[in-house]
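# Got a sequence here, can you model it:
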Amino acid sequence: KEEPSCSATLCPLPKRFRKTKLKLCSFISTSKCQSCDIIFYSFIQLLLESEIATSITPRLFSNSYKFLIRSENMCQLSSSSSPSSGNAAPRTTSAETGKSTETDSVFKLEKKEKGFESLPKSVQFAVLVAGVFVFFGTHNVLQEAMMKIPGFNYGVMLGYMEVVGVTFCSFFERKYVFKETGRVAPLSAYPLLTFCLLSSSALSNMALDYINFPTKVVFRSCKLIPTMMVASVLNKKVFSSSQYSCAVAVCAGLVLFAAADWKLAPSFDPLGIILVTLSVCADAFLPNAQERLFNLGSSRLEVTLYTNFFTLIAMTCTTYLSGDLVGIIQHAMRDQKLALYMLIYTSVAYVAISCHMNVVKRFGGVVAVCVATARKGMTLVLSFMLFPKAFSWYYVWGSLLVLGGLMISSLIKIREKTKQN
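Residues are numbered from 1 along each chain as shown. Alright, predicted model coming up:
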């Protein structure tokens, strides 16, 4: 059969693959390989006939195809040195075309993957876990330290600073590290995400004006309960007895923490429990809304950037009208220590999140759950060590029930997904 100029134009790709298809067309034209079209057509046919065709993302599709092309070209490159490769397609060098060939891009890719990728898995794990503990620990300590500064009553601005840091860091990472451009998801998909992130960030930090930091940390960890409630009511989902037991343990732990706060904390106000509970409910909806955009083909960085960008606009308007934005700027101009805290706090949140995401990516969900549970326990210990407060054994038993219930529930979910796969 006569080969077409580009098989990408003949393949029945879904609409969400249009941009990827065009990029791959240019990729084929630069590869100078006679069998690229054949590989591409076969790859598309295999993809469309497979069970994962409805869930695969354009980025995964593109990277998988390019891997096939690189493998094909490397095989041709190794065979070109032998006499039997006389029928191999002629390859144009960089000097003749002025453009880098696919072979050049392969070697560039290998150079990029050296460094952290070349380290042993144990070293990678140690570095990433250290990053999770150090940066999340710094973030949480600075959060409580700022709330202890006399005259600082701008809890909502802690969430504002996090959004500022994530917006700018995700922009630079997307543009200069991963070289992503454009947007896949429509702008109409972001109002719900913006509302959820705005509510989650603002309400949880406002709660610090009424409850102490350990109570806020524990309550913020409990997305399990609203998630199970939503799934049971809306989706009629039935959970296992183990998951219901974990939910009961988490609820009991929260009751113990609230009772200890009620008894010991002089600034305790039930309004703080209401605010942090509402923030957890908003946070429970956020992953479901993000998953819809991922299914459309949006990358993690795209969703992160646009969600935080629109949230930043909304929070800038609301905090300016409330006077919190102007108030914290004036306070920082008077207090250099607060200004330094704010600068570090704004930048470390994104680094901590990136370290956690890399643990998930490289070592799996089970390891990530254990690391996250240990990190939350460390946060509670640091809070009592660095910022002395009234102690009760209710805090200890409540922490064990909450963190233990959450960890067991997460491990059960991961095991169920593994069985389904």
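# From now on I want contacts and neighbour counts done on CA atoms only, so please keep to that.
Will do.
# pull the helix or strand with minimum mean pLDDT from this protein.
Each helix and strand of the chain was given a mean pLDDT (mean pLDDT, DSSP states H and E); the minimum falls on helix 94-97 at a mean of 40.
# any low-confidence regions in this protein?
1-115, 230-231, 234-235, 265-268, 288, 364-366, 369 (pLDDT under 70).
# Quickly find the element holding the nearest residue to residue 213 once chain neighbours are set aside.
Take residue 213 and drop its neighbours on the chain: the residue closest to it by C-alpha to C-alpha, 6 or more residues apart in numbering is residue 144, 6.6 Å away. If you go by DSSP states H and E, residue 144 is part of helix 121-148.
# same deal with residue 279?
Taking DSSP H and E as the criterion, residue 279 maps to helix 270-295.
# Give the other helices and strands that that helix contacts.
When contacts are defined as 3 or more C-alpha pairs under 8 Å, 6 or more residues apart in numbering; DSSP states H and E, helix 270-295 packs onto helix 190-206, helix 213-220, helix 224-234, helix 300-322.
# Which one, of those helices, ends up nearest to residue 173?
Evaluated with C-alpha to C-alpha, the helices and strands packed on helix 270-295 place helix 300-322 nearest to residue 173, the distance being 7.9 Å.
# ok, back up a step: tilt between the helix holding residue 144 and helix 190-206?
Here helix 121-148 points in a direction 70 degrees away from that of helix 190-206 (axes from the mean of the first three to the mean of the last three C-alpha atoms, to 10 degrees).
# tell me which strands and helices helix 121-148 is in contact with?
helix 336-363, helix 365-386.
# Same question for it: list its buried residues.
Of the residues in helix 121-148, those buried under the neighbour-count criterion (16 or more other C-alpha atoms under 10 Å) are 124-125, 128-129, 131-133, 135-144, 146-147.
# Now the following helix or strand past that helix - C-alpha only, CSV.
Remark: after helix 121-148, the chain's next helix or strand is helix 155-172, criterion DSSP H and E. Below are the C-alpha coordinates for helix 155-172, written out as CSV (Å, rounded to 0.1, in the frame of the first residue of the first chain):
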residue,chain,number,x,y,z
GLY,A,155,-5.7,34.4,59.3
VAL,A,156,-7.2,34.7,55.8
MET,A,157,-4.0,36.1,54.4
LEU,A,158,-2.2,32.9,55.2
GLY,A,159,-4.3,31.3,52.5
TYR,A,160,-3.7,34.3,50.2
MET,A,161,0.1,33.9,50.5
GLU,A,162,-0.1,30.2,49.6
VAL,A,163,-2.2,30.9,46.5
VAL,A,164,0.3,33.6,45.4
GLY,A,165,3.2,31.2,45.8
VAL,A,166,1.5,28.4,44.0
THR,A,167,0.4,30.6,41.1
PHE,A,168,3.8,32.1,40.3
CYS,A,169,5.7,28.8,40.9
SER,A,170,3.4,26.8,38.7
PHE,A,171,3.6,29.5,36.0
PHE,A,172,7.4,29.3,35.8
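# neighbouring contacts of helix 155-172?
When contacts are taken as C-alpha atoms under 8 Å, 6 or more residues apart in numbering, the neighbours of helix 155-172 outside the stretch itself are 143, 147, 201-203, 205-209, 301, 304-306, 308-309, 311-312, 315-316, 319, 324-325, 328, 342, 345-347, 349-350.
# ok, now with 7 Å
Outside helix 155-172, the residues that touch it by C-alpha atoms under 7 Å, 6 or more residues apart in numbering are 201-202, 205-206, 208-209, 301, 304-305, 308-309, 312, 315, 346-347, 349-350.
# how far off helix 300-322 does that helix point, in degrees?
Using the same axes, to 10 degrees, one finds that helix 155-172 and helix 300-322 are set 150 degrees apart in direction.
# how much does helix 155-172 deviate in direction from helix 336-363?
Per the same axes, to 10 degrees, the angle that helix 155-172 makes with helix 336-363 is 50 degrees.
# Buried residues, helix 155-172. List them.
Those would be 155-171, for helix 155-172 by 16+ other C-alpha under 10 Å.
# Give me the contact list for stretch 175-194.
Taking C-alpha under 7 Å, 6+ apart as the criterion, the residues outside stretch 175-194 that touch it are 174, 286, 289, 293, 296, 297, 298, 307, 310, 311.
# Any idea which of the helices and strands packed on helix 121-148 gets closest to residue 392?
Nearest to residue 392 among those is helix 365-386; the distance by C-alpha to C-alpha comes to 11.0 Å.
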